[in-house]
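Novice: sequence plus predicted model, see below.
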Amino acid sequence: MQSEHDLTRMMQAYGTQLLRLCTLYLKDRALAEDAVQETFVRAWRADFRGECSEKTFLTRIAINVCKNYLRTPWHTRRAAAALLDQLTTHSPEADDTLLRAVLSLSQAHRAVILLYYYQGFSVAEIADILSVPSSTVSTRLFRAREKLRLMLKEWYYDET
């Protein structure tokens, strides 16, 4: 980072998106807020060389912070219901079936779905963020969609 002004600008531009990503990744709003703060601290200390977009740079840092949080021995994962309560406060009658299905995916599949559909990254950008080949991202997206399709078969249509 060059200056405090750059950091403030990035926090305003990407803070909400990173919080949403970390909340979905960690399934804990308070822990996600800590992860976003740590993301910006690491970004402040890091040397951004401009090889990718700022959004990609910050997202990569945020995912690594989240992975570190999930690896810590004291961390116990909370039930998805607690997360759903936080995410679906906009409407009590909202159908959270899709969100529950996405949250039930494995970490690898959930990550690519969140980055592709919720954050709007391309396959190439996701590959860059996760440090995996583009073909791996495409395969994970395909498999995650198939799993979601099977889980949500009755939700979308009736096969009678």
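Specialist: That came through, no problem.
Novice: based on its surroundings, how many neighbours for the closest residue to residue 63 other than its chain neighbours?
Specialist: Among residues not flanking residue 63 along the chain, residue 129 sits closest, at 6.3 Å (Cβ to Cβ, 6 or more residues apart in numbering). For the C-beta atoms, the positions are set from N, CA and C on the backbone; glycine is no exception. Per other Cβ atoms under 10 Å, the neighbour tally for residue 129 reads 25.
Novice: what residues are up against residue 129?
Specialist: Contact analysis of residue 129 by Cβ atoms under 8 Å, 6 or more residues apart in numbering lists 56, 59-60, 63, 115, 121.
Novice: let's see it at 6 Å
Specialist: 56, 59-60 (Cβ atoms under 6 Å, 6 or more residues apart in numbering).
Novice: quickly find the element holding it.
Specialist: helix 123-130 (DSSP states H and E).
Novice: distance from that helix to the middle of the chain?
Specialist: 13 Å (Cα atoms, centre = their mean, to the nearest Å).
Novice: need the next SSE after that helix, C-terminal direction.
Specialist: Downstream of helix 123-130, the first helix or strand assigned by DSSP H and E is helix 134-151.
Novice: just the CA coordinates of that next one, formatted as PDB?
Specialist: The C-alpha trace of helix 134-151 is given here as PDB (Å, rounded to 0.1, in the frame of the first residue of the first chain):
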ATOM      1  CA  SER A 134      -8.200 -22.700 -14.300                       C
ATOM      2  CA  SER A 135      -9.200 -26.200 -15.300                       C
ATOM      3  CA  THR A 136      -9.400 -27.100 -11.600                       C
ATOM      4  CA  VAL A 137     -11.700 -24.200 -11.000                       C
ATOM      5  CA  SER A 138     -13.900 -25.200 -13.900                       C
ATOM      6  CA  THR A 139     -14.100 -28.800 -12.700                       C
ATOM      7  CA  ARG A 140     -15.000 -27.600  -9.200                       C
ATOM      8  CA  LEU A 141     -17.700 -25.400 -10.500                       C
ATOM      9  CA  PHE A 142     -19.100 -28.200 -12.600                       C
ATOM     10  CA  ARG A 143     -19.200 -30.600  -9.700                       C
ATOM     11  CA  ALA A 144     -20.600 -28.000  -7.300                       C
ATOM     12  CA  ARG A 145     -23.400 -27.200  -9.700                       C
ATOM     13  CA  GLU A 146     -24.200 -30.900 -10.100                       C
ATOM     14  CA  LYS A 147     -24.300 -31.400  -6.400                       C
ATOM     15  CA  LEU A 148     -26.600 -28.300  -6.000                       C
ATOM     16  CA  ARG A 149     -28.800 -29.500  -8.800                       C
ATOM     17  CA  LEU A 150     -29.300 -32.800  -7.100                       C
ATOM     18  CA  MET A 151     -29.900 -31.200  -3.700                       C
END
